[in-house]
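> What follows is a predicted protein model with its sequence.
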Amino acid sequence: MREYETRGRPPTMIDSVPLHVEVMIYLYFALVASVGGYLLARLWLASRRTDEVGDGINPN
């Protein structure tokens, strides 16, 4: 590659994405992680409630 094509930077495989695109990607990851955490907490709390009532399986 010629020097003017990389603007003084070492050549890379791909160019970096714009900042707003990178921010949107990280926000999407945070959204997916928070939805997963919410669903996990609901399942965990639901299983705790059924164990307290006695409807769940008790391994002891």
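Alright, I've got the coordinates. What you see is a predicted model; the values in this text were computed from it and never measured.
> Work out for me the element Thr50 sits within.
For Thr50, the host element (DSSP states H and E) is helix 19-53.
> List the buried residues for stretch 42-52?
Residues of stretch 42-52 include none that count as buried (16 or more other C-beta atoms under 10 Å). Heads up, the C-betas are built off the backbone N, CA and C, glycines and all.
> Rounded mean pLDDT for it, please.
The average pLDDT within stretch 42-52 is 83.
> With only the CA atoms kept, save it in CSV.
Output of stretch 42-52 as CSV, limited to C-alpha atoms (Å, rounded to 0.1, in the frame of the first residue of the first chain):
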residue,chain,number,x,y,z
ARG,A,42,-37.3,-14.3,36.7
LEU,A,43,-36.6,-18.0,36.3
TRP,A,44,-34.6,-18.1,39.5
LEU,A,45,-37.2,-16.3,41.5
ALA,A,46,-40.0,-18.5,40.1
SER,A,47,-38.1,-21.6,41.1
ARG,A,48,-37.5,-20.2,44.6
ARG,A,49,-41.2,-19.5,45.0
THR,A,50,-42.3,-23.0,43.9
ASP,A,51,-39.8,-24.5,46.4
GLU,A,52,-41.2,-22.4,49.2
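> Tell me which residues touch Gly37, please.
By C-beta atoms under 8 Å, 6 or more residues apart in numbering, the contact list for Gly37 is empty.
> Look at it and report its pLDDT.
What the model reports for Gly37 is a pLDDT of 97.
> and the gap between it and Leu43?
11 Å (C-beta to C-beta, to the nearest Å).
> again, but for Leu31
Using C-beta to C-beta, Leu31 is found at 19 Å from Leu43.
> in stretch 16-33, what counts as buried?
Residues of stretch 16-33 include none that count as buried (16+ other C-beta under 10 Å).
> and it, average pLDDT?
In the prediction, stretch 16-33 has an average pLDDT of 96.
> going forward, begin numbering at 32 instead of 1
Taking 32 as the first residue, the last one we looked at is stretch 47-64.
> got the CA coordinates for it in PDB?
Extracted as PDB, the C-alpha positions of stretch 47-64 are listed here (Å, rounded to 0.1, in the frame of the first residue of the first chain):
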ATOM      1  CA  SER A  47     -12.300   0.900  12.000                       C
ATOM      2  CA  VAL A  48     -16.000   1.700  12.200                       C
ATOM      3  CA  PRO A  49     -17.300   5.200  13.000                       C
ATOM      4  CA  LEU A  50     -17.700   6.000  16.600                       C
ATOM      5  CA  HIS A  51     -21.500   6.200  16.500                       C
ATOM      6  CA  VAL A  52     -21.600   2.700  15.000                       C
ATOM      7  CA  GLU A  53     -19.300   1.300  17.700                       C
ATOM      8  CA  VAL A  54     -21.500   2.900  20.400                       C
ATOM      9  CA  MET A  55     -24.600   1.400  18.900                       C
ATOM     10  CA  ILE A  56     -22.900  -2.100  18.900                       C
ATOM     11  CA  TYR A  57     -22.000  -1.800  22.600                       C
ATOM     12  CA  LEU A  58     -25.500  -0.600  23.500                       C
ATOM     13  CA  TYR A  59     -27.000  -3.600  21.700                       C
ATOM     14  CA  PHE A  60     -24.700  -5.900  23.600                       C
ATOM     15  CA  ALA A  61     -25.700  -4.200  26.900                       C
ATOM     16  CA  LEU A  62     -29.400  -4.500  25.900                       C
ATOM     17  CA  VAL A  63     -29.100  -8.300  25.200                       C
ATOM     18  CA  ALA A  64     -27.200  -8.900  28.400                       C
END
